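[1] With the sequence up front, the predicted model follows.
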Amino acid sequence: MDLVEESVPLRGVALSVLRPRDAEALLDEHAFEHEEYLPYWAELWPSGVALARRLAGRSLRGARVLELGCGLGLPSLAAALETALVDWAEPSLLVERAPWDLVLAADVLYERRNVAPLLDLLPRLFAERGELWLADPGRAPLDDFLAALADGWKRRDEAAGRVAVHRLMRAGAHSAAQ
Ligand SMILES: C[S@@+](CC[C@H](N)C(=O)[O-])C[C@H]1O[C@@H](n2cnc3c(N)ncnc32)[C@H](O)[C@@H]1O
């Protein structure tokens, strides 16, 4: 595979990411016909960079952290996390290991069909406490997703350049990180 190395400066450190040079070259007609699969994982999206920057240098104090739809996994790298390949529509591995203190997700609402499985999954990932940090560039399904989480979650939005980091806390939860 033709790879390119990209350096992503975070707070006080630069992460070096090796990614396919041309994501479109990974298009697979068979996979697309099966479930409209597109190789979005192979690109470094602004939301992933923003979420990694938001995390870099923060103390997670032993928190159990999960990233959904990680792609190249920049936020997970910033949080120094182990990884597992899991479809969020078949999330038993994630649910078995719940509760998580902090769940990360960058640019996962780019298709409206992603909203329902993620809304179904989220309550199963947390106990009484816990936070979801969602970075999003303002995708069309975002408002519906946030509206569905209006009950039982406190929300704080932070601008991060072209994207926003939405911090959703289970009502009554204390922040997992500052
Ligand atoms: C727009 S990309 C964002 C990638 C990465 N979070 C970033 O910001 O650079 C969306 C990601 O969601 C993943 N994804 C889509 N459907 C998924 C599913 N059902 N289960 C797990 N991941 C999924 C894709 O493979 C892709 O990595």
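    Structure's in. What do you need? In this text, all values refer to a predicted model and were calculated from it rather than measured experimentally.
[2] alpha carbons only for contacts and neighbour counts from here, please
    Fine.
[3] All the strands of the protein, in order from the start?
    3-10, 13-20, 65-68, 102-106, 131-136, 153-160, 163-170 (DSSP state E).
[4] what are the bridge partners for the closest residue to Ala106 other than its chain neighbours, then?
    Closest residue in space to Ala106, ignoring its immediate chain neighbours: Ala135 at 4.6 Å, by Cα to Cα, 6 or more residues apart in numbering. On the basis of DSSP bridges, Ala135 is bridged to Ala106, Val165.
[5] Go ahead and confirm Ala135 touches Ala164.
    Yes: assessed by Cα atoms under 8 Å, Ala135 is found in contact with Ala164 at 5.6 Å.
[6] Show me which of those two is the more surrounded one.
    Under the criterion of other Cα atoms under 10 Å, the comparison of Ala135 against Ala164 puts Ala135 first, with 29 against 19.
[7] which stretch among the strands of the chain comes nearest the ligand?
    strand 102-106 (4.1 Å; Cα to the nearest ligand atom).
[8] Pull the residues that contact the closest one.
    By Cα atoms under 8 Å, 6 or more residues apart in numbering, the residues outside strand 102-106 that reach it are 47-48, 51, 63-70, 75, 130-136, 176.
[9] Of those residues, grab the buried ones for ChimeraX.
    Selection of the buried residues among the contacts of strand 102-106 in ChimeraX, burial being defined by 16 or more other Cα atoms under 10 Å:
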select :47,48,51,64,65,66,67,68,69,70,75,130,131,132,133,134,135,136,176
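[10] can I get the strands of the chain in JSON lines with mean pLDDT?
    Listed next are these as JSON lines, based on pLDDT from 0 to 100:
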{"stretch": "strand 3-10", "mean pLDDT": "92"}
{"stretch": "strand 13-20", "mean pLDDT": "89"}
{"stretch": "strand 65-68", "mean pLDDT": "92"}
{"stretch": "strand 102-106", "mean pLDDT": "95"}
{"stretch": "strand 131-136", "mean pLDDT": "96"}
{"stretch": "strand 153-160", "mean pLDDT": "94"}
{"stretch": "strand 163-170", "mean pLDDT": "95"}
